[in-house]
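Chemist: What shape does this take:
(one chain, ligands or ions: 1)
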Amino acid sequence: MTHAGSIRQVCGGALEDIVSLTPIGGHRPSRKITTATLREKKFQRDTITCLTAYDYATARLVDEAGIDIVLVGDSLAMTMLGYENTLSVTVDEMLHHVKAVRRGVKDALLIADMPYGSYQADANEAIHNAARFVKEGGAEAVKMEGGEKRVDVIRRVIDAEIPVAGHIGLTPQSVNMMGGYKVQGKTLNGIEQLMRDAVALDRAGVACIYLEGIPREVAAMITAEIETPTIGIGAGPDCDGQVLVFHDLVNLAFAQPPKFVRRYGDAAALITHAVLAFKADVGSHQFPNDAESYHLPKETQAALETVLHRKQALRR
Ligand code: KIV
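Modeler: Numbers count the residues shown, from 1 in each chain. As a prediction, this is how the structure comes out:
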């Protein structure tokens, strides 16, 4: 294949559209997902997949399985750090995880969640914090909760060349304002507000919009109305994509899952079984066995025995 041909294959576009000969992600042939890929997928009606990941190993597995978006969600406050909700997690705590995930992700679009308090006060602070996720963490987009009332800040961050993912509906950072984790958009007023939020984010040019905890009928209306890809969680099957929290997917969340979660595996059972088996084998001296041990070379063994015999003889 010619150089131009290989570049075209790697970058996935017409050569004349490519301004840099350095493909994103190095010289490895890749299916690198970008924000443009998400729009293309919506256009082609090709469903977008997204999972959260918070560490290197999980990020690698999710990326290598071909998931389109890896989201370092602020849900890590609960899943990784054991906090009660997402409100306490800080930018520095989030960054620690984003950096680890960056090292594990090659092809997926990497989105970092902006934690509560890092973007609500003013746009300059939002840009400063979003840029940290890009520069220090290697994120390719940041996610912020809120629709109409957050749109000015979101525009400023996009103007600073940072793609933004929106998040509307049941926004966990608003738990105290909502009075709990409640499905949103169940009244005519609620539906109207959600539509205004979605349209405002669409016009602001966000990369995608997460729709959380809303009736499927409303998610379907929003998805049909706007050009921005929608990614649902508890929003029914008519969104342009679906996301789940990784720990819910594999039963590591230590909680009764909400009804929209489907468990695809039981990592809790797998890990518990392995840990109990290790404990039992160590207790009964079956681990480690001889094959799992290192041995002295024959000459050293012979020399050691000679030394030990001499010592014994001297003691007598
Ligand atoms: O923090 C998170 O995991 C999220 C997803 C549920 C969308 O925001």
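
Chemist: check contacts around D113.
Modeler: The neighbourhood of D113, defined by C-beta atoms under 8 Å, 6 or more residues apart in numbering, consists of 71-75, 94, 142-143. Where you see a C-beta, it was placed from the backbone N, CA and C, and this is true even at glycine.

Chemist: Could you do V153 as well?
Modeler: V153 is in contact with 119-120, 122-123, 126, 144, counting by C-beta under 8 Å, 6+ apart.

Chemist: again, only using 6 Å
Modeler: With contacts defined as C-beta atoms under 6 Å, 6 or more residues apart in numbering, V153 is in contact with 119, 123, 126.

Chemist: out of those, which is most surrounded?
Modeler: Counting neighbours by other C-beta atoms under 10 Å, Y119 comes out on top of these with 27 neighbours.

Chemist: among the contacts of V153, which are in helices?
Modeler: Secondary structure defined by DSSP state H assigns 123, 126 of the contacts of V153 to helices.

Chemist: ok, back up a step: so of the contacts of D113, which two are at opposite extremes in space?
Modeler: The largest separation in the contacts of D113, counting by C-beta to C-beta, is between S75 and V142 at 15.2 Å.

Chemist: Of the two, which one has the most company?
Modeler: The residue with more neighbours, out of S75 and V142, is V142; 28 against 21, by other C-beta under 10 Å.

Chemist: Pretty sure that one sits in a helix.
Modeler: No: under the criterion used here (DSSP: H, G, I helix; E, B strand; the rest coil), V142 is strand, not part of a helix.

Chemist: Correct me if wrong: it contacts M114.
Modeler: Yes: with contact defined as C-beta atoms under 6 Å, V142 counts as touching M114 (5.2 Å).

Chemist: Tell me the residues that contact both of the two, please.
Modeler: Residues within reach of V142 and of M114 at once, by C-beta under 6 Å, 6+ apart: there are none.

Chemist: hang on, the earlier thing: columns distance to the ligand and pLDDT on top of the contacts of V153, output as a markdown table?
Modeler: Supplementary listing: those in a markdown table, determined by distance: C-beta to the nearest ligand atom, whole Å; pLDDT from 0 to 100:
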| residue | distance to the ligand | pLDDT |
| --- | --- | --- |
| Y119 | 14 | 98 |
| A123 | 21 | 98 |
| A126 | 17 | 98 |
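
Chemist: Now tabulate the contacts of V153 in a markdown table and tack on distance to A267.
Modeler: A markdown table is the format used below for those (distance: C-beta to C-beta, whole Å):
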| residue | distance to A267 |
| --- | --- |
| Y119 | 33 |
| A123 | 40 |
| A126 | 35 |
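
Chemist: coming back round to it: which among the contacts of D113 are in contact with the ligand?
Modeler: Of the entries in those, those that also sit close to the ligand under the rule C-beta under 6 Å from any ligand atom are 73-75.

Chemist: of those residues, closest to the ligand?
Modeler: Of all the ones next to the ligand among the contacts of D113, the one with the least separation from the ligand (C-beta to the nearest ligand atom) is G73, at 2.3 Å.

Chemist: Quick one, grab the pLDDT at the closest one.
Modeler: As summarised for this prediction, G73 has a pLDDT of 98.

Chemist: Alright, calling it a day.
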